[in-house]
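Colleague: my questions concern the predicted model and sequence given below.
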Amino acid sequence: MSSSKKPCSETIDRTDPLVIQRMLANHLTYTEGKSIKTATERDWFEAAAHAVRDQLIEQQLKTSEENLNKDPKRLYYLSLEFLIGRTLSNASLNMGLESSLREGLKTMGQNLETVEETEIDAALGNGGLGRLAACFLDSLATLDLPGQGYGIRYEYGMFNQRIKNGQQVERPDNWLRFGNPWEFQRPECMYPVKFFGRVVQFADGQGGIEHHWVDGETVMAMAYDVPIPGYKTGTVNSLRLWAAKSTREFNLESFNAGDYLSAVQDKNISESLSKVLYPNDSSAVGKELRLRQEYFFVSASIQDILANFLQTHNDLNLLPEKVAIQLNDTHPAVAVSEMMYQLLDVYKLKWDHAWKLVTRIFAYTNHTLMPEALETWAVEKFERVLPRHLEIIYEINHRFLTQVNHRFPGDTELLRRVSIIDENGGRRIRMAHLAVVGSHTVNGVAAIHSDLLKTTLFSDFHRIFPHKFVNVTNGITPRRWLNQCNPGLSNIISSRIGSGFVSDLDQLKKLVPHAEDAAFRKEFREVKQANKLRLAEYIYKTVGIQVDPNSMFDIQIKRIHEYKRQLLNVLHVITLYNRIRQGNAHAVTPRTVIFAGKAAPGYKLAKQIVRLINDVANIINDDPAVHGLLKVVFLPNYDVSSAEKLFPASDLSEQISTAGTEASGTGNMKMALNGALTIGTLDGANVEIMEEVGAENIFIFGLTTQQVANLRAQGYSAWDHYNGNEELRQVLDMIGSGFFSVEEPGRYRQIFDNLTHHNDHYLLLADYASYIAAQDMVGLLYQDKEEWTRRAILNVANMGKFSSDRTIKEYAENIWNVRSSKS
């Protein structure tokens with residue numbers, strides 16, 4: 001027998017373009033059932049996705065096996081949103097497959113960018129909250145930390161935004177209509193979730209009382225897993241999403257009787273829980289659906305966490321040593337009572353024992369300083385939907401208030417303020433209070449935000465639990481928000497300092513001396529210009545507006561809300577327009593002002609702001625007197641994929657919320673990382689960005705948080721600003737009189753009244769003069785291309801702090817006590 005016989009199995013280099021090509025051909029044939037000649041663009045995307053997915057799942061199984069063998073403490077991240085965007089480009093880059101995938105497709109006559117554009121964004125989130133969660137999952141895997149996300153597999157996203165006659169129109173966002181090649185259905189992983197019913201009590205025979213939640217309705221939660229790869233680490237974690245399934249698929253008796261709607265009624269009602277992200281809660285039915293939706297995903301997640309723990313452990317006392325749960329905002333706060341329910345009623349622990357475990361497991365991230373944005377539920381509604389959990393929350397509150405009263409005897413006002421039950425104007429459950437009481441750590445998401453939590457919103461809790469409150473400043477993943485979305489910039493950075501910054505963003509500091517290099521500044525401008533040309537083409541294709549890529553791209557992209565002050569930006573746009581009309585065009589730097597963002601369907605004034613932006617755009621863009629000096633664009637249906645075009649093309653980043661209202665913001669980080677200069681207030685993470693990049697490399701304007709508080713305390717008069725500033729008065733009169741809505745002169749009277757008669761709650765008029773002065777400085781600096789570029793490079797170079805890797809390291813070390821699975 002020949003000794004040269006090859007072994008039965010050989011190591012296959014799956015990054016080899018020829019191997020990728022064979023995988024593509026196989027999936028085209030055996031997964032899609034198509035030939036190269038008959039394949040559509042979607043077939044090519046599906047083939048490419050499955051080729052990459054094959055390698056993802058191999059690594060995920062290895063990661064799972066490694067975690068099973070080492071039994072590390074694991075992090076479970078509960079969030080109602082995960083805005084992960086498209087997966088093909090991100091996964092192929094993180095797995096080191098991008099170049100071989102590109103080559104494999106090219107040899108088969110296909111273009112990678114075209115294939116990537118076919119993918120539909122996963123509509124699992126709406127804004128910053130969901131995008132932050134997605135960045136965190138990326139960093140967890142990149143840092144080899146054992147962790148998993150939990151959320152809902154929404155069949156429809158929040159909505160698909162269209163603009164018709166200037167107005168926002170909502171359409172269903174059916175992102176799953178073609179299926180999702182990245183998910184793995186887990187029918188064996190299914191849990192019952194109960195609603196309604198009643199609680200019965202009886203003696204347990206040992207002097208105690210047992211509670212049984214009986215009757216009611218049950219919905220099944222089925223798991224779908226999406227793999228989340230780290231950047232060239234081999235670690236692939238997962239995002240587990242829950243879909244609602246009915247316990248009764250079909251009523252044959254009703255069907256045979258001809259009642260076809262009743263035959264599937266139970267199924268439709270049950271499965272509505274995972275139909276839509278953020279159902280409109282302006283009605284009683286919508287509010288109840290929202291509550292049931294939140295409990296649905298929380299209950300399934302807690303049951304799954306406990307089931308996984310008990311597969312390898314038989315002592316519940318080990319839970320805090322093996323399980324860390326992070327609550328991303330107040331939406332999953334009911335998890336505190338759900339864990340208590342499971343430990344008390346299912347696993348039969350005593351109260352003190354269960355509570356001690358719970359308060360060592362949970363941590364809570366707060367994302368807002370506005371009391372009205374903190375979720376509360378009417379006791380009556382909560383009792384109807386979750387009767388046992390209301391009993392548990394009452395008991396948590398009773399024991400908590402007893403402890404507070406012992407420490408602060410006689411302070412009834414303190415008890416009233418910190419109670420989980422708000423007794424004012426109808427009894428309501430304060431979910432943020434439940435999260436604070438039930439967690440071992442509470443964090444804000446920027447230094448100023450965390451300080452304000454301790455001195456304003458949660459000042460009483462900080463007095464009671466000073467050890468609980470910490471800061472963890474938000475961050476963004478450089479994999480998606482630089483390496484993937486801006487390959488031109490990533491390449492020129494790598495040519496100077498190497499590519500290590502992709503997984504260690506602090507290395508960008510090495511760019512600082514290159515800001516003084518004229519050759520590098522030229523390359524930097526060329527990359528920016530190419531990105532602006534790409535965005536200009538996208539704008540024309542999307543809304544039919546031609547913009548000048550040589551103009552300054554002044555961009556504000558975020559959820560439409562009064563406190564984010566898109567209106568202040570509009571006031572500046574109209575001010576520039578008036579200056580041009582009045583013959584001062586020489587003082588105006590050519591500028592394209594770009595807005596994008598969704599208004600909540602029930603938020604009437606936000607939708608009016610969207611309409612005003614479009615009406616202002618129509619007037620300015622069609623006015624020949626403007627001579628191309630000013631263009632205004634509203635890009636509809638802002639999502640992750642459009643953000644990947646907007647951030648790299650941005651020259652000026654608008655971060656102009658009223659000081660003390662924005663918790664952190666991450667769009668500010670993404671724009672600065674992509675070479676934009678920021679104009680902003682000292683709010684949220686803007687403060688820390690200024691500290692990192694230097695006050696001379698950012699445009700700060702407006703009142704500080706303390707000045708806002710002082711102004712409101714002493715009495716603020718919007719009319720004084722209206723009457724005292726001629727440019728401002730002219731702008732407001734144009735809005736209020738119908739200049740931009742001649743067919744309906746009173747269309748924007750409410751906006752005018754809010755800013756004047758109703759005293760301008762978010763202080764736009766108070767900050768107007770400072771904002772205009774800062775914008776004038778922006779315009780002058782932009783004319784000096786070399787100096788603008790130098791400052792832009794310094795912004796990029798000093799963004800290392802704002803990597804989500806740094807954020808996750810702080811969570812892991814200071815809150816979760818979770819370590820790398822490979823350490």
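Modeller: Perfect, I can see it now.
Colleague: show me where the stretch 601-750 of the chain has strands.
Modeller: Assigned strands in the stretch 601-750 of the chain, in chain order: 630-635, 652-655, 677-680, 699-700 (criterion: DSSP state E, counting those that start in this stretch).
Colleague: chain center to the shortest one, what's the gap?
Modeller: Spelled out, it's strand 699-700. Distance of strand 699-700 from the chain centroid (C-alpha atoms, centre = their mean, to the nearest Å) equals 25 Å.
Colleague: ditto for stretch 224-234
Modeller: 19 Å.
Colleague: re the thing from before, in TSV: the strands of the stretch 601-750 of the chain, plus mean neighbour count and distance to Glu183.
Modeller: Every residue, glycine included, has its C-beta placed from N, CA and C. Output for the strands of the stretch 601-750 of the chain, formatted as TSV (neighbours: other C-beta atoms under 10 Å; distance: least, C-beta to C-beta, whole Å):
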stretch	mean neighbour count	distance to Glu183
strand 630-635	24	29
strand 652-655	28	34
strand 677-680	24	37
strand 699-700	19	44
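Colleague: how about these in CSV, adding distance to Ser92 and mean pLDDT?
Modeller: Shown next, in CSV, are the strands of the stretch 601-750 of the chain (distance: least, C-beta to C-beta, whole Å; pLDDT from 0 to 100):
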stretch, distance to Ser92, mean pLDDT
strand 630-635, 26, 98
strand 652-655, 29, 98
strand 677-680, 31, 98
strand 699-700, 38, 98
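Colleague: for Arg102, find the nearest of these.
Modeller: Among the strands of the stretch 601-750 of the chain, strand 630-635 comes nearest to Arg102, with 27.9 Å by C-beta to C-beta.
Colleague: residues making contact with the closest one?
Modeller: By C-beta atoms under 8 Å, 6 or more residues apart in numbering, the list of residues contacting strand 630-635 from outside reads 163, 539, 542-543, 545, 547-548, 551, 557, 573, 576-577, 580, 588, 590-596, 610, 613-614, 616-617, 620-621, 642, 646.
Colleague: switch the cut-off to 6 Å
Modeller: Residues outside strand 630-635 that contact it (C-beta atoms under 6 Å, 6 or more residues apart in numbering) are 539, 545, 547, 573, 576, 591-596, 613-614, 616-617, 620-621.
Colleague: thinking again about what came up before, mind putting the strands of the stretch 601-750 of the chain in CSV, distance to Thr38 included?
Modeller: Formatted as CSV, these follow (distance: least, C-beta to C-beta, whole Å):
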stretch, distance to Thr38
strand 630-635, 35
strand 652-655, 46
strand 677-680, 50
strand 699-700, 55
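Colleague: nearest to Glu786, of these?
Modeller: Here strand 677-680 is closest among the strands of the stretch 601-750 of the chain (C-beta to C-beta), at 14.0 Å.
Colleague: same for that closest one, what does it pack against?
Modeller: The contact analysis (3 or more C-beta pairs under 6 Å, 6 or more residues apart in numbering; DSSP states H and E) places strand 677-680 against strand 652-655.
Colleague: and the strands in the stretch 251-400 of the chain?
Modeller: 323-328, 362-365, 376-378.
Colleague: to Leu176, which of these lies closest?
Modeller: Once the strands of the stretch 251-400 of the chain are compared by C-beta to C-beta, strand 323-328 is nearest, at 22.9 Å.
Colleague: relative to the closest one, what are the paired strands and their orientations?
Modeller: strand 74-78 (parallel), strand 362-365 (parallel) (DSSP bridges).
Colleague: present these as CSV; the columns should include mean pLDDT and mean neighbour count.
Modeller: Shown next, in CSV, are these (pLDDT from 0 to 100; neighbours: other C-beta atoms under 10 Å):
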stretch, mean pLDDT, mean neighbour count
strand 74-78, 98, 23
strand 362-365, 98, 26
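Colleague: make CSV from these and add distance to Tyr191 to it.
Modeller: Formatted as CSV, the strands paired with strand 323-328 follow (distance: least, C-beta to C-beta, whole Å):
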stretch, distance to Tyr191
strand 74-78, 15
strand 362-365, 20
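Colleague: gap between the closest residue to Trp355 other than its chain neighbours and Asp329?
Modeller: Nearest residue to Trp355, sequence neighbours excluded (C-beta to C-beta, 6 or more residues apart in numbering): Met340, at 7.0 Å. Distance of Met340 to Asp329, given as C-beta to C-beta, to the nearest Å: 20 Å.
Colleague: how about the helices of the stretch 201-350 of the chain, start to end?
Modeller: Taking DSSP state H, counting those that start in this stretch as the criterion, the stretch 201-350 of the chain carries its helices at 252-256, 260-263, 265-271, 284-312, 319-322, 335-341.
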